[in-house]
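J.: structure for the following, please:
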Amino acid sequence: MKVYLTNLNESWIVDRLRHEWYQHNSSISTESIKEADIVWIVAPWLWKNIKKKYLRDKKVVCSIYHIEEKDFEQKQIKEFNKRDSFVDLYHVISLKTKKELEKLTDKEIIYIPFWSDQNTWFKIDDKDNLRNKYGLPLEAYIIGSFQRDTEGSDLKSPKLIKGPDRLIQIIESKNKEFNKVFILLSGKRRQYVIKELENLNIDYKYFEMVNTDQLNELYNCLDLYVVASRVEGGPQAIIECALSKTPIISTDVGVASEFLHSSSIFNMENFEKAIPNTEYAFQKSQAYTIPDGFKEYLTMFNSIKLQG
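T.: Below is the predicted model of the structure:
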């Protein structure tokens with residue numbers, strides 16, 4: 001059995017996961033689609049880049065990260081159905097996505113969260129030195145958000161599914177609660193949040209792009225990480241916070257309910273009551289560290305290969 005993963009090259013988290021897959025599963029993986037028995041479409045829009053010959057002749061697994069069926073337009077439904085005709089099996093990383101996808105296809109759907117490398121994401125018991133290293137205030141209550149939250153086509157408009165407006169609302173509340181907060185941002189396209197923070201006169205520091213070593217250190221500088229999204233596939237930040245024991249609260253999106261304690265999950269009517277539970281999240285994350293996090297994927301690929 002040989003598995004080929006489609007190549008993204010978009011500086012997205014899936015690029016890193018693809019690299020980790022090939023690094024740890026080289027014996028059953030190939031960089032040549034011609035040699036593959038199974039084609040894993042790791043980003044659903046990439047199916048168009050694959051020759052129809054390979055989609056017809058090989059087993060095809062397609063990962064879907066989030067679906068909002070109510071937002072599907074006729075064009076999107078037509079596109080989904082075209083791709084669906086080539087897919088043998090779907091992979092999802094959250095039960096919420098599985099439930100939505102079941103409304104659109106009769107194909108088999110396998111739920112497996114993505115793995116996360118415990119040698120990349122881990123707790124560092126040296127917060128003061130880390131804050132000094134990155135020029136962050138030692139005594140401040142620091143809230144973190146590492147994502148994109150502005151539309152790519154219009155850098156002034158918030159990407160509302162990521163909840164940047166909600167994040168600002170939570171920051172305003174925490175700023176009153178702690179008298180003064182400091183915000184740590186990373187990721188591309190943070191223009192909306194930065195503008196709002198400046199309007200509110202709330203101090204922040206922004207690292208646009210950092211490597212994974214630096215990002216793990218930034219997690220370890222935080223007092224709180226906030227996921228305020230309306231829709232998510234993951235986000236992988238939940239698992240990264242879990243492994244690094246970074247206090248995190250989240251809306252009930254993506255994998256939140258599978259990794260976080262119910263007391264750490266909020267809606268906008270009760271976010272003030274959300275309480276991080278780092279130990280609970282850490283324990284939940286252990287099944288998806290390397291190499292254990294690959295086991296269910298290997299089972300999935302073996303099962304589809306046996307279908308003949």
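J.: what's the end-to-end length of stretch 187-203?
T.: 17 Å (CA to CA, to the nearest Å).
J.: so residue 40 is in contact with residue 4, correct?
T.: Yes. Using CB atoms under 8 Å, residue 40 is in contact with residue 4, at 6.8 Å. Yep, even glycine has a C-beta here, placed from its N, CA and C like the rest.
J.: anything in contact with each of those two?
T.: Here residue 40 and residue 4 share no contacting residue, scored by CB atoms under 8 Å, 6 or more residues apart in numbering.
J.: any low-confidence regions in the chain?
T.: 10-11, 68-75, 150-154, 305-308 (pLDDT under 70).
J.: distance of residue 240 from residue 22?
T.: 20 Å (CB to CB, to the nearest Å).
J.: and those two? Which one has more around it.
T.: residue 240 (25 against 13; other CB atoms under 10 Å).
J.: pull the longest helix from the chain.
T.: helix 164-177 (DSSP state H).
J.: could you say what helices and strands that helix packs with?
T.: strand 141-146, strand 181-186, helix 191-200, strand 224-227 (3 or more CB pairs under 8 Å, 6 or more residues apart in numbering; DSSP states H and E).
J.: which residues in the stretch 51-200 of the chain form helices?
T.: 52-57, 74-84, 95-101, 127-133, 164-177, 191-200 (DSSP state H, counting those that start in this stretch).
J.: buried residues, the second one. List them.
T.: The reference is to helix 74-84. For helix 74-84, burial by neighbour count (16 or more other CB atoms under 10 Å) applies to 79, 80, 83.
J.: same thing with the fifth one?
T.: Of the residues in helix 164-177, those with enough neighbours to count as buried (16+ other CB under 10 Å) are 164, 165, 166, 167, 168, 170, 171, 174, 175.
J.: which non-adjacent residue is nearest residue 112?
T.: Of all residues not flanking residue 112 in the chain, residue 296 sits nearest, at 4.5 Å (CB to CB, 6 or more residues apart in numbering).
J.: hmm, the one you found is touching residue 93, no?
T.: No. Look at residue 296 against residue 93 with CB under 8 Å: they stay out of range, at 11.3 Å.
J.: the two: which has the busier surroundings?
T.: residue 93 (25 against 17).
J.: now for the more buried one: which residues touch it?
T.: Taking CB under 8 Å, 6+ apart as the criterion, residue 93 is in contact with 63, 65, 111, 112, 113, 114, 233, 234, 254, 255.
J.: how close does it sit to residue 79?
T.: Distance from residue 93 to residue 79, by CB to CB: 21 Å.
J.: can you report how many residues neighbour residue 85?
T.: 10.
J.: dihedrals phi and psi, it?
T.: The phi and psi values for residue 85, taken as degrees, to the nearest 10, are phi -70, psi -20.
J.: next one: it from residue 76, what distance?
T.: Using CB to CB, residue 85 is found at 15 Å from residue 76.
J.: okay, now the domains of this structure?
T.: 3-115+290-306, 127-288 (automatic domain parsing).
J.: quick one: the strands in the stretch 1-150 of the chain?
T.: 3-5, 38-41, 59-64, 89-92, 108-111, 141-146 (DSSP state E, counting those that start in this stretch).
J.: convert the C-alpha atoms of the fourth one to CSV, please.
T.: Presented in CSV, the C-alpha positions along strand 89-92 are these (Å, rounded to 0.1, in the frame of the first residue of the first chain):
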residue,chain,number,x,y,z
LEU,A,89,-14.1,7.8,1.6
TYR,A,90,-14.3,11.1,3.5
HIS,A,91,-12.1,12.0,6.5
VAL,A,92,-13.2,14.7,9.0
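J.: okay, now the sheet partners of that strand, with direction.
T.: Applying DSSP bridges, strand 89-92 is found paired with strand 59-64 (parallel), strand 108-111 (parallel).
J.: tell me which of the ones you listed lies nearest to residue 207.
T.: Nearest to residue 207 among the strands paired with strand 89-92 is strand 59-64 (28.4 Å), distances taken as CB to CB.
J.: quick one, the closest one and helix 74-84 angle?
T.: For strand 59-64 against helix 74-84, the angle by axes from the mean of the first three to the mean of the last three CA atoms, to 10 degrees is 150 degrees.
J.: who's in contact with strand 59-64?
T.: 37-44, 47, 83, 86-93, 97, 101, 233, 300-301, 304-305, 307.
J.: do stretch 158-168 as well
T.: Contacts for stretch 158-168 (CB under 8 Å, 6+ apart): 145, 147-151, 189, 192-193, 196-197, 200, 226-232, 251, 268.
J.: just the buried ones from the residues you listed?
T.: The buried subset of these (16+ other CB under 10 Å) comprises 145, 147, 149-151, 189, 192-193, 196-197, 226-229, 231-232, 251.
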